[in-house]
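Sequence and predicted structure below; questions after.
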Amino acid sequence: MIAPLRYARFRNIWLASLLSNLGLLIQGVGAAWAMTELSSSATLVALVQTATMLPVLLIAIPAGAIADMYDRRTVSIVALLISLTAVSLLFILSLLGEVSAIAILAFCFAIGCGMALFWPAWQSSAGEQVPVESLAAAVALNSISFNIARSFGPALGGVIVAAAGAVASFGASALLYLPMLGVLLASSKTHEPSRLPPERLNRALISGIRYILHSPAIRIVIGRALLLGLLAGSVTALMPLVARDLLNAQASTFGVLLGSYGVGAVVGAFNVARLKLRLGSEGVVRVATIILSAATCTIAFSRSEFLTCVALAVAGGGWMLATTALNIAVQLPVPRWVAGRALATFQASIAGGIAIGSLGWGAVADSTDVQTALLISAAGILASILFGLRWKMEEARSDGASASPDLPDPTVKLAVTHRSGPVVIELEYRVALDDARPFYRIMQQVQLSRQRNGAYAWSIARDLAEPELWVERFHFPTWIDFLRMRNRPTAGERSLEDQASAFQIGGEPVRIRRMLERPFGSVRWKAEARDRGLPETFITGAGGGA
């Protein structure tokens, strides 16, 4: 588990992230308690968490695309500066006595925007800081970083708020962002620019969404994360009200409750690897779901601070078991070119579930009471096990996600630019009649691989006159989209292509045609006319593969 800490770059960033997470949680305690002093509305109190987490839902996917397109270190620095500016302004307003409920929500939203931009760049950079065999442990350690902070940050925040008010918590939060900025500014860039120009943001977003849509295993994980956030976010959203209404406690006790949750989460994170070996990813999530349900029910009935702290520790452990197992299931199998977008989509789903769920649980508590809201949540969490029976998670593996060597550009004799298109690719296979069904099954997997990496309108056809002849056909919008696709497949996806080619009979290689589709009106009237916005780039290399 601690093996990634042997690598200096990961260790330094991890320690600094621990402090910045500590600052974020101290600020969260101050904001939540300040809201309870300004308003008795359960909805407004729950909206503090919604305001912080909603940006993850709104901008996490664009943030993931930005993390994949640009240097992740630079993106992280910009993101931290956004959050630092917002919490500094909140500190100044509180110091002047001008803070209001709307101001708290607005600045929590701005802080959330900075963190929504930061998290995909920070977490997806783990693959650049440690070798692939340590990636799963690095993912778990990044989760542990937040939860170690959660173990002590809320309690410390409660003490700070009780001793000096919410304003002091905002000032402490601002100071704790500085070490992470210092480490990132002192570190060197690791981004290696592609020889191809970067995608535009809208195209990068489409590429990320397309990858997920054509990855059934990733879709299941994201759906499970969304459901978990919707149902289990009640505990943290209503925790200020648990302290105030169920326990009749003060700010310092609220911090202890949050700290108990964080301690349990750390214990849960350290046991994920062991449980995964025994139960598998799906088993870990199911066990965690039962634990969360039982703990939430206990919190609803408890009027003892000690029992509530124990139940919150158990709930934190269950939450961390589930979210870490889901996080690993997203990060391990995806290639680096789309890692930020896949991780951001996962974060958006779980944070969106928490944000929407927090609003809903606050409304339920307003219309009934805190205990009823928690009991309904506990019942929903337990019922979600049925969802896992229908959409079961696959076991995450990293061996197929390693990058494959770049292919040289294919030989062409027609002058093309990066914007030339649409491009049509045809591959002709000759397959023995007895191998038709196994070949077709492999091609169904090849189809998903092609579509994940940028192809559209994929089809496979069999010649009526020559049943041994199969034609695979797919399209790309432009020539540069095709060039990007050639270098995106992982080693596992290349292996699928090799398996399909192994069915070829007759001693000849699979025949590949690369064609420029010429719909009516697409040919330039003048030969010297140029594509606007890009230089004429002619591709004259030589290489195999589709």
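Alright, I've got the coordinates. Numbering: from 1, shown residues only.

can we go C-alpha only for contacts and neighbour counts from here?
OK.

What are the boundaries of the helices in the stretch 401-546 of the chain?
For the stretch 401-546 of the chain, applying DSSP state H, counting those that start in this stretch gives helices covering 436-452, 479-486, 491-501.

tell me the most buried of these?
helix 479-486 (a mean of 20; mean count of other CA atoms under 10 Å).

Show residues contacting that helix.
196, 406-407, 409, 416-423, 453-455, 476, 545-546 (CA atoms under 8 Å, 6 or more residues apart in numbering).

same question, stretch 350-364
42-47, 49-51, 53-54, 56-57, 222, 225-234, 237-238, 370, 372-373.

Same check on stretch 305-319?
232, 247, 256-258, 260-269, 287-289, 291-292, 295-296, 298-299, 302.

Please narrow those residues to those residing in helices.
Among these, DSSP state H puts 232, 256-258, 260-269, 287-289, 291-292, 295-296, 298-299 in helices.

So for L80, what's the pLDDT?
pLDDT, L80: 91.

And for the one 4 residues further on?
Taken from the predicted model, the pLDDT recorded for L84 is 92.

before we move on, what about F503?
pLDDT at F503 comes out at 94.

residues touching the residue lying closest to it once chain neighbours are set aside, list them.
Using CA to CA, 6 or more residues apart in numbering and skipping the chain neighbours, the partner closest in space to F503 is V431 (5.6 Å). For V431, the contacting residues are 439, 468-470, 503-505, by CA under 8 Å, 6+ apart.

just G388 next, same as before
By CA under 8 Å, 6+ apart, the neighbours of G388 are 224, 282, 286.

So what's the residue count around the first one?
In terms of burial, R224 registers 25 neighbours under the definition other CA atoms under 10 Å.

Compute the inter-axis angle for the one helix or strand it maps to and helix 436-452.
Assessed by DSSP states H and E, R224 sits inside helix 216-232. Following axes from the mean of the first three to the mean of the last three CA atoms, to 10 degrees, one obtains 60 degrees for the angle between helix 216-232 and helix 436-452.

By mean pLDDT, point me to the weakest helix or strand of the protein.
helix 126-129 (a mean of 68; mean pLDDT, DSSP states H and E).

Tell me the buried residues in stretch 90-101?
90-91, 93-95, 99, 101 (16 or more other CA atoms under 10 Å).

who touches it?
Counting by CA under 8 Å, 6+ apart, 35, 38-39, 103-104, 107, 166-168, 170-171 sit against stretch 90-101.

Write a ChimeraX command that selects only the buried members of the residues you listed.
Selection of the buried residues among these in ChimeraX, burial being defined by 16+ other CA under 10 Å:
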select :35,104,107,166,167,168,170,171
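
what sits opposite the residue nearest to F503 in the beta ladder?
Judged by DSSP bridges, the bridge partners of V431 are Q504.

can I assume G28 sits in a helix?
Yes: with DSSP: H, G, I helix; E, B strand; the rest coil as the criterion, G28 is part of a helix.

Quick check: it vs I350, distance?
18 Å (CA to CA, to the nearest Å).

mind exporting stretch 164-178 as PDB, just the C-alpha atoms?
The C-alpha coordinates for stretch 164-178 follow below in PDB (Å, rounded to 0.1, in the frame of the first residue of the first chain):
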ATOM      1  CA  ALA A 164     -12.200  32.100  17.100                       C
ATOM      2  CA  GLY A 165     -15.200  31.800  14.900                       C
ATOM      3  CA  ALA A 166     -15.700  30.800  11.200                       C
ATOM      4  CA  VAL A 167     -13.500  33.600  10.000                       C
ATOM      5  CA  ALA A 168     -10.400  31.900  11.500                       C
ATOM      6  CA  SER A 169     -11.200  28.700   9.700                       C
ATOM      7  CA  PHE A 170     -11.300  30.500   6.400                       C
ATOM      8  CA  GLY A 171      -7.900  32.100   7.100                       C
ATOM      9  CA  ALA A 172      -6.400  28.800   8.100                       C
ATOM     10  CA  SER A 173      -7.700  27.200   4.900                       C
ATOM     11  CA  ALA A 174      -6.100  29.800   2.800                       C
ATOM     12  CA  LEU A 175      -2.700  29.200   4.400                       C
ATOM     13  CA  LEU A 176      -2.900  25.500   3.900                       C
ATOM     14  CA  TYR A 177      -3.200  25.800   0.200                       C
ATOM     15  CA  LEU A 178       0.200  27.300  -0.100                       C
END
